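S.K.: Predicted model, plus sequence, below.
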Amino acid sequence: MTQIERYIFRIALGAFLACLIGLTGTIWVTQALRELDLITAKGQTLIIFFLITSLSLPTLVTVIAPVALFIAVVYALNRLNGDSELIVMSAAGMQPRRILRPFLTLGLAVSLAVAFLTIQVMPSSFQELRDVLTRVRGDFIANVVKEGQFTSLDSGITFHFRERGPGGTLLGIFIQDKREAGKSVVYLAERGQAVEYGGQSYLALEKGSVHRQQKDSRDSSIITFERYTVDLAAFTPPDSDVTYKPRERSTTQLIFPDTSEGYYRLQKGRFRAELHDRLSSWLYPLALTFIAFAALGDPRTTRQGRGLAVAGAVLAVVVLRIAGFAATSAAARSQAAVVAIYAVPLLAIAISSLMIFNGAAVRAWNARVAKAFGALVAALLRRPRLGTG
């Protein structure tokens with residue numbers, strides 16, 4: 001790139017990074033605040049909290065990056081025009097394709113990043129998020145038992161605690177184990193804490209006693225303890241097979257699915273739509289770049305307003321995204337609609353390119369159409385109306 005192209009590229013890159021970081025950070029904070037109950041209500045650690053919230057970042061970036069790129073291109077072009085730099089470049093004979101080149105370079109870089117995140121990183125993050133949430137929801141202490149209530153499980157265990165203390169500590173614990181017929185074991189403790197060791201979950205009890213009653217015996221033995229550990233694996237149901245949704249599967253699994261799987265046979269359309277949506281996602285940053293440049297790439301004097309052009313570009317982006325979502329939805333129902341997933345962004349690029357490189361001809365054609373339409377309307381208004389008898 002020439003020096004002036006590098007100058008334009010730096011302006012656009014700075015605006016893009018500022019928008020991307022600002023928007024991503026803002027939305028991430030709002031999502032993180034919704035997950036605070038992982039710590040306050042479910043007793044999870046800060047590590048689990050940040051793990052779950054950070055796994056949503058790839059999705060946020062892929063959604064926000066094209067929008068941030070569009071805003072950056074609009075900002076850069078408005079700044080260049082406001083400083084009369086676009087007018088000077090045009091007067092010096094600089095062709096539109098040379099002004100477009102730095103924006104296109106940035107758009108290609110963003111497209112490659114979006115393609116990598118969408119095809120490789122996002123499915124892995126969705127799958128890991130699903131696994132973490134499954135473990136959190138399967139946490140017996142966090143999700144099954146309720147404060148002040150006696151909870152009876154199908155396995156023959158009754159669990160109760162009086163209240164939840166600071167740091168997830170359980171106070172006033174009562175556990176009754178009747179899994180073996182005729183045999184009863186009761187655990188009483190002043191407090192307890194769920195701990196992880198070797199990938200297993202345990203409940204560490206403090207200052208309590210164990211009451212054991214053997215089969216065919218009315219007498220029970222009592223053992224006091226300062227610290228006692230109970231395996232929580234007995235409290236939870238056995239794990240069932242996890243069925244991953246199409247968005248949680250790798251791109252390779254979508255290209256070569258297991259056709260014998262029942263879930264795939266039921267959701268074959270969603271698998272197809274998800275695959276082509278991923279493969280076409282990199283086209284949208286380019287489409288938004290072309291739309292912004294087509295609307296604002298022409299140099300204009302300060303007396304010529306650009307607000308209408310910005311509004312038109314925003315409207316075009318909204319229509320583009322709605323059309324893209326509609327095409328993806330249609331592809332889930334029909335194989336023929338797959339073409340529309342790629343046609344929507346490519347058509348936006350083609351129309352924008354036509355306006356960029358043949359702007360004068362397009363504007364002249366628009367003027368002729370508008371003039372002809374105006375003449376037709378005027379002729380219709382001048383026609384004499386037939387009177388009613």
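M.R.: Yep, it's here. Numbers count the residues shown, from 1 in each chain.
S.K.: Need the contact partners of stretch 246-262.
M.R.: 119-120, 122-124, 126-127, 130, 264-265, 267, 270-271, 273-275, 278 (Cβ atoms under 8 Å, 6 or more residues apart in numbering). Any C-beta I mention is one placed from the backbone N, CA and C, and that applies to glycine too.
S.K.: What mean pLDDT does that stretch get?
M.R.: Averaged over stretch 246-262, pLDDT sits at 86.
S.K.: that older thread, return the members of the contacts of stretch 246-262 classed as buried.
M.R.: 119, 122-123, 126-127, 130, 264, 267, 270-271, 273-275, 278 (16 or more other Cβ atoms under 10 Å).
S.K.: can you tell me which of those residues are in helices?
M.R.: Met122, Pro123, Phe126, Gln127, Arg130, Tyr264, Arg270, Phe271, Ala273, Glu274, Leu275, Arg278 (DSSP state H).
S.K.: so which one among these has the lowest pLDDT?
M.R.: Arg130 (77).
S.K.: Can you tell me, leaving aside adjacent residues, what's nearest to that one?
M.R.: Nearest residue to Arg130, sequence neighbours excluded (Cβ to Cβ, 6 or more residues apart in numbering): Glu248, at 5.5 Å.
S.K.: Please report the distance of the residue nearest the centre of the chain from Glu274.
M.R.: Nearest residue to the geometric centre of the chain (Cα atoms, centre = their mean): Thr59, 3.4 Å. Distance, Thr59 to Glu274, by Cβ to Cβ, to the nearest Å: 13 Å.
S.K.: Check Arg130 too.
M.R.: Applying Cβ to Cβ, the value for Arg130 to Glu274 is 15 Å.
S.K.: How about Tyr75?
M.R.: 33 Å.
S.K.: And Gly93, by the same measure?
M.R.: 48 Å.
S.K.: With adjacent residues omitted, what lies nearest to Arg6?
M.R.: The shortest distance from Arg6 to any non-neighbouring residue, by Cβ to Cβ, 6+ apart, is to Pro102 (7.2 Å).
S.K.: show me what contacts the one you found?
M.R.: Taking Cβ under 8 Å, 6+ apart as the test, what Pro102 contacts is Met1, Glu5, Arg6, Ile8, Phe9, Ala12.
S.K.: quick one: contacts of stretch 323-341?
M.R.: Contacts for stretch 323-341 (Cβ under 8 Å, 6+ apart): Gly269, Arg270, Arg272, Ala273, His276, Asp277, Ser280, Tyr284, Ala343, Val344, Pro345.
S.K.: run the last query once more with 7 Å
M.R.: Stretch 323-341 is contacted from outside by Gly269, Arg270, Arg272, Ala273, His276, Asp277, Ser280, Val344, Pro345, using Cβ atoms under 7 Å, 6 or more residues apart in numbering.
S.K.: cool, stretch 9-21 as well?
M.R.: 1, 64-65, 68-69, 71-73, 75-76, 79, 102-103, 105-106.
S.K.: What are the buried residues along it?
M.R.: Phe9, Ile11, Ala12, Leu13, Ala15, Phe16, Cys19, Leu20.
S.K.: do stretch 66-77 as well
M.R.: Pro66, Val67, Ala68, Leu69, Phe70, Ile71, Ala72, Val73, Val74, Tyr75, Ala76, Leu77.
S.K.: Please list the members of those residues that lie in helices.
M.R.: Pro66, Val67, Ala68, Leu69, Phe70, Ile71, Ala72, Val73, Val74, Tyr75, Ala76, Leu77.
S.K.: Closest to Val29 out of these?
M.R.: Among those, Ala68 lies closest to Val29 (Cβ to Cβ), at 16.7 Å.
S.K.: I'd say the closest one and Leu23 touch.
M.R.: Yes. Assessed by Cβ atoms under 7 Å, Ala68 is found in contact with Leu23 at 6.1 Å.
S.K.: Helix or strand with the lowest mean pLDDT in this protein?
M.R.: Lowest on mean pLDDT, DSSP states H and E among the helices and strands of the chain sits helix 37-40, with a mean of 54.
S.K.: Including secondary structure, could the contacts of Pro102 go into a markdown table?
M.R.: Conversion of the contacts of Pro102 to a markdown table gives the following (DSSP: H, G, I helix; E, B strand; the rest coil):
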| residue | secondary structure |
| --- | --- |
| Met1 | coil |
| Glu5 | helix |
| Arg6 | helix |
| Ile8 | helix |
| Phe9 | helix |
| Ala12 | helix |
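S.K.: Would you mind putting the CA coordinates of stretch 110-120 into PDB?
M.R.: Provided in PDB are the C-alpha atoms of stretch 110-120 (Å, rounded to 0.1, in the frame of the first residue of the first chain):
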ATOM      1  CA  VAL A 110     -11.800  -9.300   9.600                       C
ATOM      2  CA  SER A 111     -13.400 -11.900   7.200                       C
ATOM      3  CA  LEU A 112     -10.500 -14.300   7.800                       C
ATOM      4  CA  ALA A 113     -10.800 -13.800  11.600                       C
ATOM      5  CA  VAL A 114     -14.600 -14.300  11.500                       C
ATOM      6  CA  ALA A 115     -14.200 -17.500   9.300                       C
ATOM      7  CA  PHE A 116     -11.600 -19.000  11.800                       C
ATOM      8  CA  LEU A 117     -13.800 -18.200  14.800                       C
ATOM      9  CA  THR A 118     -17.000 -19.400  13.200                       C
ATOM     10  CA  ILE A 119     -15.600 -22.600  11.700                       C
ATOM     11  CA  GLN A 120     -13.100 -23.700  14.400                       C
END
